[in-house]
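Enquirer: for reference, the sequence and a predicted model appear below.
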Amino acid sequence: MDNLVRCGWCGSDPDYIRYHDQEWGRPVYDDQKLFEFLILEGAQAGLSWITILRRREAYRDAFADFDVQKVATFTAEDEERLMQNTGIIRNRLKIKSAAVNARLFIAVQQEFGSFSSYIWGFMPDRKPLINHFSNLSEVPARTEISDAISKDMKKRGFKFFGTTICYAHMQAMGMVNDHLTSCHCRTADA
């Protein structure tokens with residue numbers, strides 16, 4: 001293992017380290033990637049992120065490479081097929097929510113031109129918020145912005161997107177950069 005200083009949550013797990021170093025906190029504007037994070041964050045509800053991260057490829061296979069148009073057409077038969085897939089979390093409500101959320105994601109794209117335009121529109125100046133936390137205990141589980149996004153998405157009918165999941169989504173897609181001030185990614189990005 002290298003001697004780089006990282007945020008403590010990623011520990012020494014190679015999957016976590018790769019995710020931390022290459023993705024977490026880096027701004028994402030691509031709708032397909034945003035949809036991927038939406039599916040994965042919804043699956044993560046009540047579980048640890050590493051549980052989902054280790055199953056990411058299985059999710060990619062199960063959910064049509066995160067193609068929102070394809071997932072939006074999933075039927076009850078697809079739901080049953082996914083309930084038999086041992087590579088993903090076999091929670092019927094989470095599986096069902098993926099197709100519901102896909103259809104709503106498309107509706108948001110139609111209304112705003114892209115899901116990216118919609119979600120980044122909640123950010124001041126549509127730019128990432130770079131926090132300056134020195135300790136993991138300082139990192140919030142939710143903020144006023146995540147409350148507002150979650151409330152709006154729930155009003156639109158999105159499932160498994162409460163304010164805590166929303167804030168994790170914001171961290172994953174780089175709307176907020178919560179790399180600790182001592183983290184090597186902070187030095188590289190800020």
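Expert: Yep, it's here.

Enquirer: now do the phi/psi pair for Ala72.
Expert: Backbone geometry at Ala72, expressed as degrees, to the nearest 10, gives phi -60, psi -20.

Enquirer: what is the neighbour count of it?
Expert: 18 (other CB atoms under 10 Å). The C-beta positions use only the backbone N, C-alpha and C, and glycine is treated the same way.

Enquirer: pLDDT score for it?
Expert: What the model reports for Ala72 is a pLDDT of 98.

Enquirer: Ile106 is in contact with that one, correct?
Expert: Yes - Ala72 is within contact range of Ile106, at 5.7 Å (criterion: CB atoms under 8 Å).

Enquirer: could you list the residues in contact with the lengthiest helix in the chain?
Expert: As assigned by DSSP state H, the longest helix anywhere in the chain is helix 92-112. Residues outside helix 92-112 that contact it (CB atoms under 8 Å, 6 or more residues apart in numbering) are 31, 35, 38-39, 42-43, 45, 63, 68-69, 71-74, 78-79, 82-83, 88, 115, 118, 121, 153, 156-161.

Enquirer: which SSE is immediately downstream of that helix?
Expert: helix 115-120 (DSSP states H and E).

Enquirer: in that following helix, what's buried?
Expert: For helix 115-120, the neighbour count (16 or more other CB atoms under 10 Å) marks 115-116, 118-120 as buried.

Enquirer: let's verify Met181: helix, strand, or coil?
Expert: Wrong residue type there; residue 181 is Thr, not Met. Secondary structure state of Thr181, per DSSP: H, G, I helix; E, B strand; the rest coil, is coil.

Enquirer: contacts only, for it.
Expert: 132-134.

Enquirer: now Thr163
Expert: 142, 146-147, 150-151.

Enquirer: what do you get if the cut-off is 7 Å, keeping everything else the same?
Expert: 142, 146-147, 150 (CB atoms under 7 Å, 6 or more residues apart in numbering).

Enquirer: by neighbour count, which of these wins?
Expert: Neighbour max across the contacts of Thr163 (other CB under 10 Å) = Ser146, 25 neighbours.

Enquirer: just checking, Leu40 touches Ile52?
Expert: Yes - between Leu40 and Ile52 there is a contact under CB atoms under 7 Å: 5.3 Å.
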